[in-house]
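Asker: Mind folding the following:
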Amino acid sequence: MRNNEDYRHINCDDYDNLELACAKHWTLELTLKNGEALKAKATDMILRKNVEYLTIDLSGETRELRLDHIASFSHPELGTVFVSEE
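Answerer: Modelled structure (predicted):
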C-alpha cells in the first residue's frame, strides 16, 4: 500500500459521485486497482492525515478504501465510473 506522501487526489467529478452515493446510501460495485471486486453500501467520506477514504458497509463489516486505490465503481444511477487522478 502506498504511504501518505504518495496519495493522489481523484478527479473532482468522481469524488462528487462518491459523495452522492454516500448521501443516498447506494450499494456500489467497486473494483480496486489490485483487482479486488466488491459490492458494498457507500456510507461516508473521510479525510485522515491528508488521505481521503470511502467508508463502506460490506455485509455488516465497515471498511475504509483509499480513494486512489479505487479503479472503478458503478451504480444504475451513475453508470460505470472509471476513477482518474488529478
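Asker: Can you report how many residues neighbour His69?
Answerer: 18 (other C-beta atoms under 10 Å). (C-beta placed from N, C-alpha, C; glycine too.)
Asker: typo on my end, it should be Gly35
Answerer: 7.
Asker: Where does it fall, secondary structure wise?
Answerer: Under DSSP states H and E, no helix or strand contains Gly35.
Asker: same check, this time on Leu18
Answerer: According to DSSP H and E, Leu18 maps onto helix 12-23.
Asker: chain center to that helix, what's the gap?
Answerer: For helix 12-23, the separation from the chain centroid amounts to 9 Å (computed by C-alpha atoms, centre = their mean, to the nearest Å).
Asker: what angle do the helix or strand just after it and helix 12-23 make?
Answerer: The element immediately downstream of helix 12-23 (helix or strand, assigned by DSSP H and E) is strand 27-32. Angle of strand 27-32 versus helix 12-23, following axes from the mean of the first three to the mean of the last three C-alpha atoms, to 10 degrees, is 140 degrees.
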